[in-house]
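Chemist: Give the three-dimensional model of this entry:
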Amino acid sequence: MIRGIIFDFGNVICSFDVEIFLAKLHERSGRDVETLRDGVYGSRLHSRYERGEISSKEFHREVVRCIGMDIPVEELADWFSGIFTPLESTHGLIRTLKGKYRLGLLSNTNEWHFLRHIRKVPVFPLFDAVTLSFEVGALKPEPGIYLDALRKLSLPPETCVFIDDIGKYAEGAAALGIRGIRYTGHAELLRELAGFGVVPP
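Modeler: Residues are numbered from 1 along each chain as shown. From the prediction side, this is the model:
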């Protein structure tokens, strides 16, 4: 029987578009968008930040170096975090599930995104457990990040469902005995959940 439902954040709870951030960098620096994308997302810089290997201060310094000009920390942080759009259907689902299941949030993310957006999302207070890659020091699909979520929920893997838009991340959860669902849309998610006996009212 399913007792816990764990949600990814990006493209499950909120969609995101890094092009918004890159457009801001391009507008300020004049550098080619592809060059900027490679410098921020194509290198290990972004993954190191999400793993917690570098601080927000270090991330700012490296992005400034990448674009070749200084941008104040607050301005860059706002640009970097201003890429999200709520997926209201998921927000509604989380609200209907609250109190019937233990709810978890598990995300590959970083300090700026968490402080400036994720924790301010209206459904954030509904989660019983929150697992963030930069705090745990592990990224999906590494086992450690899923195990952290299970520990915080105090549930065995076979009683939990994990929802992620990236197939290999859902598979990483399934490898530990968690029921993995790849998110492709709200209607399909409801069908998948129903297959595990989870039928929202």
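
Chemist: Distance check, residue 133 against residue 38.
Modeler: As defined by Cβ to Cβ, to the nearest Å, residue 133 lies at a distance of 22 Å from residue 38. Bear in mind the C-beta positions are built from the backbone N, C-alpha and C, glycine included.

Chemist: Those two - which one has more neighbours?
Modeler: Taking other Cβ atoms under 10 Å, residue 133 and residue 38 do not tie; residue 133 has more neighbours (24 against 12).

Chemist: Give me the nearest residue to that one, chain neighbours excluded.
Modeler: Distance criterion Cβ to Cβ, 6 or more residues apart in numbering; nearest residue to residue 133, sequence neighbours excluded, is residue 108 at 4.5 Å.

Chemist: what's the one you found sitting at in phi/psi?
Modeler: The phi/psi pair for residue 108 (degrees, to the nearest 10) reads phi -80, psi 110.

Chemist: pLDDT score for it?
Modeler: Here, the pLDDT recorded for residue 108 equals 98.

Chemist: these two touch, right, it and residue 50?
Modeler: Yes - the pair residue 108 / residue 50 is scored as a contact, 5.2 Å apart, by Cβ atoms under 8 Å.

Chemist: Count the residues that sit near the residue nearest to residue 133.
Modeler: Using other Cβ under 10 Å, residue 108 has 25 neighbouring residues.

Chemist: Could you pull up the contacting residues of it?
Modeler: For residue 108, the contacting residues are 10, 50, 133, 139-140, 145, 169, by Cβ atoms under 8 Å, 6 or more residues apart in numbering.

Chemist: if we go to 10 Å?
Modeler: Contact analysis of residue 108 by Cβ atoms under 10 Å, 6 or more residues apart in numbering lists 8-10, 46-47, 50-51, 132-134, 136, 138-142, 145, 164, 166, 169.
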